[in-house]
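Asks: A predicted structure for the sequence below; I have some questions about it.
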Amino acid sequence: MATEPQPPFLQRDQPPGVPPLALTGERTLPDVPEENYWFRRHLVVYEWIAARTGGMAVVDMACGEGYGTDVLARGARSVVGVDANPEAHEHARLRYVRDNLRFARDMVETFAQPAEAERSDAVVFLQTIEHVRNPGAVLEHFKTLAPIAYISTPNVLTLAPKGAQRSGNPWHVHEYRAEELRALLEAHFAHVELLGLFHARKLRAHELALGAGWDAVHQRLGLTRPFYDRFTPAIDVRDFTLRADGLDRALDFVAVCRA
């Protein structure tokens with residue numbers, strides 16, 4: 001897989017009046033062809049959660065650009081997307097407009113529904129717990145907002161380079177192994193189901209090709225740029241799958257936590 005792109009990549013073809021966001025590595029973005037692998041890898045989890053939160057009141061914490069919040073709002077009764085970043089908040093507010101959707105600029109540690117609002121049914125917190133310095137306090141806060149939390153994070157065993165203790169992502173405070181994440185979540189929730197995200201279809205075929213020496217072949221033939229310029233934008237959510245076995249080999253962990 002080609003390495004994760006860096007600035008000055010900007011979102012393409014945004015609606016009139018919606019400022020494009022720059023790809024910094026801190027969050028993933030739609031509408032950046034070079035970023036499509038990471039975008040689809042996150043989107044598939046949002047779609048999986050959306051299928052389980054229909055008719056619910058949902059809070060999407062650290063929602064970033066807002067694409068996942070919008071996915072949740074297609075079937076949920078109401079959704080609030082929470083993010084502290086002013087550029088991401090303004091972009092999401094302008095781009096994703098639904099009667100049952102709003103965006104709040106706030107920290108995940110302090111966000112609270114208005115006093116007159118009903119308690120939410122679910123909190124979604126994807127690809128962010130690895131950025132948090134005090135995850136226990138954040139998890140306890142989530143329990144005050146809703147009885148169910150959906151949490152995802154990358155698996156350090158497959159994210160970090162071979163032999164390294166962690167990836168080089170400068171925004172990550174702590175990267176988790178499966179049992180470490182499970183122990184953290186079970187210290188705060190009565191019931192925790194932990195799943196792993198894996199490659200499927202053409203990404204699984206690509207994974208097998210890499211194991212057979214594909215990197216050396218495309219470099220020797222000068223095909224690297226032409227191949228990945230076509231392959232990466234063609235990746236979609238069907239090229240990933242969630243399952244409960246083999247978690248040490250998972251790309252990401254997805255937890256369903258019940259208080």
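Replies: Looks like it arrived, so ask away.

Asks: contacting residues around the nearest residue to Ala160 once chain neighbours are set aside?
Replies: Counting by Cβ to Cβ, 6 or more residues apart in numbering, the nearest residue to Ala160 once its immediate chain neighbours are dropped is Ser167, at 4.7 Å. For the C-beta atoms, the positions are set from N, CA and C on the backbone; glycine is no exception. Counting by Cβ atoms under 8 Å, 6 or more residues apart in numbering, Ser167 makes contact with Pro154, Val156, Leu159, Ala160, Pro161, Glu175.

Asks: Can I get the residues you listed in CSV including pLDDT?
Replies: Shown next, in CSV, are these (pLDDT from 0 to 100):
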residue, pLDDT
Pro154, 97
Val156, 96
Leu159, 94
Ala160, 91
Pro161, 90
Glu175, 96
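
Asks: residues near Ala117, how many?
Replies: Neighbourhood size, Ala117 [other Cβ atoms under 10 Å]: 11.

Asks: How about Arg12?
Replies: Other residues close to Arg12 by other Cβ under 10 Å number 11.

Asks: And His131, by the same measure?
Replies: As a burial measure, His131 scores 17 neighbours (other Cβ under 10 Å).

Asks: So which residues of the stretch 101-250 of the chain form helices?
Replies: For the stretch 101-250 of the chain, the helices defined by DSSP state H, counting those that start in this stretch occupy 135-145, 156-159, 178-186, 201-211, 214-220, 224-234.

Asks: if I read this right, Arg258 contacts Tyr150, doesn't it?
Replies: No: the pair Arg258 and Tyr150 does not pass the contact test of Cβ atoms under 8 Å, sitting 10.5 Å apart.

Asks: So for the two, which residue has more residues nearby?
Replies: More neighbours surround Tyr150 than the other of Arg258 and Tyr150, with 24 against 13 (other Cβ under 10 Å).

Asks: Now for that one: which residues touch it?
Replies: Tyr150 neighbours (Cβ under 8 Å, 6+ apart): Ile49, Ala122, Val123, Val124, Phe125, Leu126, Val254, Ala255, Val256, Cys257.

Asks: Which one (most neighbours) among these?
Replies: Ranked by neighbour count (other Cβ under 10 Å), the contacts of Tyr150 have Val124 at the top, with 30 neighbours.

Asks: and that one, how far is that from Gly64?
Replies: Noted for Val124: a distance of 12 Å to Gly64, by Cβ to Cβ, to the nearest Å.
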